[in-house]
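J.: Predicted coordinates and the sequence they were generated for:
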Amino acid sequence: MVATAVALAAVVLGLTPATTAGALAPRLPDLGMAPLGDFVIDSSGGARRLRFTTEIVNVGAGPFLLSGRRSASSSGVMSSVRQQVVYDNGAVGSVRTQALMEYSGDGHDHWHVRDLERYSITRVGSSRELGRGAKVGFCFLDSQRYRILPGSPSSPVYLGCGSQSSTSVDMGLSVGWGDVYPWYVAFQWIDIAGLPSGDYVVRAHADPHALFTEATTANNVTWTRIRISATDQVTVLEQGPAA
């Protein structure tokens, strides 16, 4: 029965059977978004951009781990990206993903996971997107403890995203930890040129393309209702649910 359960878990999760021997219960991560904050309109350089701070978090039972590989150091893309899943007995399974890692693009000089998060803005009462976040690549790591959970380390474990010469990169987000993107970093904005004053909803979506294995996707989205004044002041009217 044990062997059958292990084999079934390997099939369902796409795990490499050789790494799951003796394991029964996977400790899956659970990605979500913390509340959004620090809304400000940036009009520098003639642009009009809504900037804000986001934090992707892991509130699951296991860490969120990705390993990227490329065959040559001349390639700016790692197309072989696998998710590592930890089991109760410490065994680690490997899940194939369709994710891509790409180098830099925003002056940060490290590797990013493409499409890990998505931001959008709509009018209150409408589902039509009026703009999307400019940032599409994300280096995730333990930058801030979000919640004390079973198995959550008291100090950061995952701290980097490789360098330009790396042919392999491992990224991680520990249980109970989050990765913060402050409002002022490169591409952390939505272009709102032409949007009039009024009430809007800004949404942030973790893993919007369902590229990764996690415990649930029910908490992947958070939103904030804001008011933009005629003088481009931003007021937070309501915060939606967060992970």
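T.: Noted; the coordinates are in hand. Here the structure is a predicted model, which is why all the values come from computation and not from measurement.
J.: Quick check: the nearest residue to residue 102 once chain neighbours are set aside vs residue 95, distance?
T.: The shortest distance from residue 102 to any non-neighbouring residue, by C-beta to C-beta, 6 or more residues apart in numbering, is to residue 77 (5.2 Å). In short, each C-beta sits where N, CA and C put it, glycine included. Distance of residue 77 to residue 95, given as C-beta to C-beta, to the nearest Å: 20 Å.
J.: Show me which of those two is the more surrounded one.
T.: residue 95 (18 against 14; other C-beta atoms under 10 Å).
J.: And that one, how far from residue 31?
T.: 14 Å.
J.: give me the low-pLDDT residue ranges for this structure?
T.: Applying pLDDT under 70 to the chain flags residues 1-23, 105-108.
J.: what about the helices in it?
T.: Along the chain, the segments classed as helices by DSSP state H run 2-13.
J.: What is the neighbour count of the closest residue to residue 134 other than its chain neighbours?
T.: The shortest distance from residue 134 to any non-neighbouring residue, by C-beta to C-beta, 6+ apart, is to residue 187 (4.3 Å). The number of residues packed near residue 187 is 16, by other C-beta under 10 Å.
J.: so what's residue 146 closest to, chain neighbours aside?
T.: Ranked by C-beta to C-beta, 6+ apart and with sequence neighbours excluded, the top spatial neighbour of residue 146 is residue 178, at 4.0 Å.
J.: wouldn't the one you found be in contact with residue 144 here?
T.: Yes: at 5.2 Å, residue 178 counts as touching residue 144 under the criterion of C-beta atoms under 8 Å.
J.: quick one, which of the two is more surrounded?
T.: Per other C-beta under 10 Å, whichever of residue 178 and residue 144 has more neighbours is residue 178, with 24 against 12.
J.: And for residue 96, the neighbour number?
T.: Neighbourhood size, residue 96 [other C-beta under 10 Å]: 12.
J.: could you measure residue 191 against residue 230, distance?
T.: With C-beta to C-beta as the criterion, residue 191 and residue 230 are 19 Å apart.
J.: neighbour count winner among the two?
T.: residue 191 (16 against 8).
J.: distance of the more buried one from residue 233?
T.: With distances taken as C-beta to C-beta, residue 191 is found 19 Å from residue 233.
J.: That concludes my questions; thank you for your assistance.
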